[in-house]
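> Next come a sequence and a model predicted from it.
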Amino acid sequence: MGHSHSHKHHHHQHDHNSRNLFISILLNIVITIAQVVGGIISGSLALLSDALHNFTDVISLIISWIANKLVKKKASLKRTFGYKRAEILAAFINAATLIIIAVLLIIEAIERFTNAQEIESNLVIWLSAIAILGNGLSVLLLRKNADDNMNIKSAYLHLFTDMMASVAVLIGGLLMKYYQVWWIDSVLTLAIAIYLIVMGWDLLKNSFKVLMLFTPDSTSVKSIVRDIQTFNAVKNVHHVHIWQLNEDEIHLEAHIDFNENITLSEFDNILSDIEEMIFHKYEINHMNIQPEYGKCDAKDVIVQD
């Protein structure tokens, strides 16, 4: 037996996200090419590191865009859930790349500390300013839905951190131009890398939990079991599994022992009441309940399958 509460606005939201992601991809391709050329000419590690991060933005945005398209594909006999997990997987990949790139930037920054080089600051200033404008526009496009969708949030974080990196590069360019402080290039690169790790870790952890079918942090198994057992007909709730399929769906499956050998129609009525209570109190919108009476099986709340 199961129950589902639908969300009709999701298809429109996915189309809106897809368009914004595509625009952001084009903007970041232009920025990346400009920064690579400018970084080579100027000799700025910060500008090249910013270009590298912009390139990963392009990759991450393409991954997010593909995931956004896949999630709309219908379920089939071979894929009974369709591609509902595509966006979570994209978020995990993008968060992981944030951290990997941050480590590489730290290594490069440390090496440059010992070999500071004079940098063409004017080019750094102009290109970082262009990058701020381009990434700033992309950030505004994705900001609205970033809190509701891990995939969009991962793309948003890539763009937001890159915009901040460009701000840091701009400040560094101004300091180098007027004060000839060449080592500031390495310092800013190091600061950018640390910021990436901080921003990426939380998203990596949350997407990992969803992929591993962990119980959502906001959901208490003990409370749910206790609430279901308040129904007079229910004797015991056991063999409970709760997991988050994607941004919109939390699933619960459980075995319920009944005090009496009730009819199927009686079970349907009780199940409907349980589903409504669980949905409104815990926002769990998919339930699969196995009714039992007098069955000899493990009665533990959590049973290792």
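Thanks, I have it.
> Please identify the pairing partners of the longest strand along the chain and their relative orientation?
With residue count as the measure and DSSP state E as the assignment, the chain has strand 234-244 as its longest strand. Strand 234-244 has the following strand partners under DSSP bridges: strand 250-258 (antiparallel).
> can you pull out the helices in the stretch 51-200 of the chain?
If DSSP state H, counting those that start in this stretch is used as the criterion, the helices of the stretch 51-200 of the chain fall at 86-113, 121-143, 150-179, 184-211.
> Where does pLDDT dip in the stretch 201-305 of the chain?
Segments of the stretch 201-305 of the chain classed as low confidence (criterion: pLDDT under 70) are 305.
> Contact partners for residue 136?
Contact partners of residue 136, counting by Cβ atoms under 8 Å, 6 or more residues apart in numbering, are residue 163. Where C-beta positions appear, they are placed from N, C-alpha and C, glycine not excepted.
> who's in contact with the longest strand of the chain?
Strand 234-244 is touched from outside by 209-210, 213-216, 219, 221, 224-225, 228-229, 250-259, 270, 284, 290, 297-303, with contacts defined as Cβ under 8 Å, 6+ apart.
> same check, this time on stretch 109-117
Around stretch 109-117, the neighbours that count as contacts under Cβ under 8 Å, 6+ apart are 43, 45, 49, 182, 183, 185, 186, 187, 189, 190, 193.
> change it to 7 Å
Outside stretch 109-117, the residues that touch it by Cβ atoms under 7 Å, 6 or more residues apart in numbering are 43, 45, 182, 183, 185, 186, 189, 190, 193.
> Look up how far residue 176 lies from the fourth one.
So that's residue 183. When Cβ to Cβ, to the nearest Å is the yardstick, residue 183 and residue 176 sit 9 Å from each other.
> Those two: which is more packed in?
Just comparing residue 183 and residue 176: by other Cβ atoms under 10 Å the higher neighbour count belongs to residue 176, 24 against 14.
> Might one say that that one is in contact with residue 122?
No: using Cβ atoms under 7 Å, residue 176 is not in contact with residue 122, being 9.7 Å away.
> Just give the nearest non-adjacent residue to residue 267, would you?
The shortest distance from residue 267 to any residue other than its chain neighbours is 5.2 Å, reached at residue 291 (Cβ to Cβ, 6 or more residues apart in numbering).
> how about the one you found, phi and psi?
Phi and psi for residue 291, reported as degrees, to the nearest 10, are phi -80, psi 140.
> now residue 219
The phi and psi values for residue 219, taken as degrees, to the nearest 10, are phi -110, psi 130.
> OK, contacts around it?
With contact set as Cβ under 7 Å, 6+ apart, residue 219 has these partners: 242, 250, 282.
> Show me which of the residues you listed is closest to residue 83.
Among those, residue 250 lies closest to residue 83 (Cβ to Cβ), at 18.2 Å.
> who does the closest one bridge with?
Judged by DSSP bridges, the bridge partners of residue 250 are residue 244.
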